[in-house]
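In: got a structure for you, letters missing:
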């Protein structure tokens, strides 16, 4: 079993839809929970970061963490074609005062006009 | 403020040659991380360095791979005697490691290595 499971998709939605992206993990040592967005042929860009269970909102994005179920989600409201990208979840473990993320495979999202 | 810079962006090597990948962190960042993204696989951590020091190399292959971050100059990921399985995108990230910060890692655009 992989430490982080993420459905690769692709997930295709119409513009304006609410998108739900999910990951599960198995390692209880993970303390940090992140979502990255990666456009084709580019480096990942951090979208959301949290270290506690519950919800965190930033504009159209909401990250949800349930540590008891080892399950995290990212919701995108009013999705736009520019949101089309691969979304990577990542779970971080502490190392040398920083954190080392373990990434999911990424979910490919396509938002069509 | 320039972001994380990586060069070259594309690198082609024949089997058995050496590959050197360079990463210049963002200004003011003292910590560098290297990741590899293989086709059909996720991004995988390789090594975490600060100036002149390796902090965590738990993801580094035991042979042929090495990394350094000298006091002056960029961080270097070195792959000796490359094989076709080394073909991948290699990403570098940097962080400021400021006290009390969430220590966000900022990624560079990556180097795409192709081994013929």
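Out: Cool, got the structure. These figures come from a predicted structure and were not determined experimentally. Numbering: from 1, shown residues only, chains lettered A, B, ... in the order given.

In: Just the residues contacting the helix or strand encompassing residue B:34, thanks.
Out: According to DSSP states H and E, residue B:34 maps onto strand B:31-37. Contact partners of strand B:31-37, identified using CB atoms under 8 Å, 6 or more residues apart in numbering or on different chains, comprise A:98, A:100, B:23, B:25, B:43-50, B:55, B:67, B:69, B:75, B:77, B:88-97, B:103, B:105, B:110. For glycine as for every other residue, the C-beta is placed from the backbone atoms N, C-alpha and C.

In: and it, which strands flank it?
Out: Applying DSSP bridges to the sheet, strand B:31-37 is found paired with strand B:43-50 (antiparallel), strand B:88-95 (antiparallel).

In: Flag every buried residue along the last one.
Out: Read that as strand B:88-95. B:88-95 (16 or more other CB atoms under 10 Å in any protein chain shown).

In: nearest to residue A:41, of those residues?
Out: residue B:89 (8.4 Å; CB to CB).

In: still on that earlier bit, chain A: which of the buried residues of strand B:88-95 is nearest?
Out: residue B:91 (5.4 Å; CB to the nearest CB).

In: Return the set of residues that bridge with that closest one.
Out: residue B:35.

In: How about the contacts made by residue 30?
Out: Answering for chain A, as no chain was given. So residue A:30 contacts A:91-93, A:102 (CB under 8 Å, 6+ apart).

In: Sorry, I should have been clearer: chain B.
Out: Counted by CB under 8 Å, 6+ apart, residue B:30 has contacts B:50-51, B:96-97.

In: Show me the two of these that sit farthest apart.
Out: Those two in the contacts of residue B:30 that are separated most widely, counting by CB to CB, are B:51 and B:96, at 13.0 Å.
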